[in-house]
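Trainee: The following comprises the amino acid sequence and a computationally predicted model.
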Amino acid sequence: MERKPQEGPLQGVRILDLTRLYPGPLGTMMLADMGADVIKIEDVNAPDYMRFYPPYIKSESAGFVAVNRSKRSLALNLKTPKGVGLFLSLVKTADIVIEQFRPGVLDEMGIGYNQARQVKEDIIYVSLTGYGQYGPYAKDAGHDINYIGYAGILSSAGSRETGPLLPGPQLADVAGGAYMSMIACLCALWAREKTGKGQLVDVSMLDCVLPLITLQMAHYQATTMNLAPGELPLSGGLACYGVYSCADGKYIAVGILESKFWKIFCEMAGHNEWIEKHLVMGEEAETMRREIAALFRTKTRDEWAAAAKKLDICITPVLELSEVEKDPHLQARQMVCEQAHPVCGAIREIGVPLKFSETRPRPCGPSPTLGQDTLSILEEIGYTREEIDTLQQEKVILISGSS
């Protein structure tokens, strides 16, 4: 069975994926969904830790299944000379290597950028780390919470009463890691198309999450005010932009920044006296927030959402996770898809977010078992069955289903 992606705008691009856990694998999965041949390379003895993280769907990690579809799996021992040689043979066939080790680790293993470019001069390396390849924090350990803490994102989330609160999604992992590593790959491919040169791209999740606070930094530059959590205009400071509880205990999202929408809302609410208080801050905003909160507690979330839909004024329901896959718009956009998994059965997943009119991307298969494609990949690059058998006996590789 052919397990390479057969559709999408990145047909013909081969990516060697050395990433683990969440940010790198999510980015490479989206590249694979768009048609790239992504070969997930895992250590024979210590594969991607995400494979073992709960919760499970039957025997499979739900997290691993969620971020590794559309890829092929090669299980390889890179701590052996033959493993290093095999990897460099693969590099000759690849366009991009994306890795997520701390600075210098791949160089010590013999498979860093400078070693790889000796066998393929125009190879592209995308190095995804928490803090980048240089700087005082470069070799420090970190996770999403640390990066958004340094970036000033945590200090602006929450309220004066609660202090900083963790956002629901992992912003640095996804926006700073997965998305930016994809951008790095595509920009480097285009640069190589124009210049013929490969390069090393340094992707720091801390650096890459900072654009999320571009507006907040601009406000600080203009006012030099360090506002407490919940006091920034779009993080609780404006009564017209926030989340309110409804009669059924569910929530409604209010994003009325335009004066024309605010006027319609005030008239709908029967409070024309609010019209002149649209963008008030501080104590006036607190008073407005209490009055608006009392209004929304008079009806259920869906009643408010239905009334606001007719007026088109940026008031929408706050969906719970169990409701997302049932949303008619997201269904129409195919943003929740179903795929058959050999162990888990039918699984629901996030769909492909980019829509192309001519080169339509789509997931091409579920997450692979460890070493599922080792045999076919090695045969593709010219290894004989005798050589493959020897590598397997010496535990340089693992072929799924073999011991």
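Mentor: On my side now, so go ahead. All of these numbers come straight from a predicted model, not from anything done at the bench.

Trainee: got the buried residues for stretch 274-293?
Mentor: 274, 277-278, 280, 285, 288-289, 292 (16 or more other C-beta atoms under 10 Å). (Each C-beta comes from the backbone N, C-alpha and C, glycine too.)

Trainee: And the furthest pair within these?
Mentor: Between any two of those, the greatest separation by C-beta to C-beta is 13.1 Å, found for H278 and R289.

Trainee: what about the helices in the stretch 101-250 of the chain?
Mentor: Secondary structure of the stretch 101-250 of the chain (DSSP state H, counting those that start in this stretch): helices located at 105-109, 113-116, 144-150, 171, 180-195, 205-209, 214-223.

Trainee: Quick check: which of those helices is nearest to R72?
Mentor: Nearest of the helices of the stretch 101-250 of the chain (C-beta to C-beta): helix 180-195, 17.2 Å.

Trainee: how about that closest one: buried residues?
Mentor: Across helix 180-195, burial judged by 16+ other C-beta under 10 Å covers 180-182, 184-186, 188-189, 192.

Trainee: Output it as CSV - backbone C-alpha positions only.
Mentor: Extracted C-alpha coordinates of helix 180-195, given in CSV (Å, rounded to 0.1, in the frame of the first residue of the first chain):
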residue,chain,number,x,y,z
MET,A,180,6.6,29.2,12.4
SER,A,181,8.5,26.0,11.6
MET,A,182,6.2,25.5,8.6
ILE,A,183,6.8,29.1,7.5
ALA,A,184,10.5,28.5,7.9
CYS,A,185,10.4,25.5,5.6
LEU,A,186,8.4,27.2,2.9
CYS,A,187,10.5,30.4,3.0
ALA,A,188,13.7,28.4,2.8
LEU,A,189,12.4,26.3,-0.1
TRP,A,190,11.5,29.5,-2.0
ALA,A,191,14.9,31.0,-1.3
ARG,A,192,16.6,27.9,-2.6
GLU,A,193,14.4,28.0,-5.7
LYS,A,194,15.7,31.5,-6.4
THR,A,195,19.3,31.1,-5.3
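
Trainee: Y179 versus the closest residue to I213 other than its chain neighbours, what's the distance?
Mentor: Spatial nearest neighbour of I213, chain neighbours left out: G152 (5.6 Å); criterion: C-beta to C-beta, 6 or more residues apart in numbering. Separation of G152 from Y179 (C-beta to C-beta, to the nearest Å): 19 Å.

Trainee: Okay, now the unreliable bits of the protein?
Mentor: 1-2, 401-403 (pLDDT under 70).

Trainee: most remote residue from it's center?
Mentor: Distance from the C-alpha centroid of the chain, by C-alpha atoms, centre = their mean, peaks at E273 (43.7 Å).

Trainee: E338: helix or strand, and which one exactly?
Mentor: If you go by DSSP states H and E, E338 is part of strand 336-341.

Trainee: So in that sheet, which strands flank that strand, and in what orientation?
Mentor: strand 345-350 (antiparallel) (DSSP bridges).

Trainee: Please tell me how far the very next helix or strand once past the partner strand is from the chain's geometric centre.
Mentor: Going down the chain from strand 345-350, the next helix or strand is helix 374-380, by DSSP H and E. Centroid separation for helix 374-380 versus its chain: 29 Å, with C-alpha atoms, centre = their mean, to the nearest Å.

Trainee: Okay then, goodbye and thanks.
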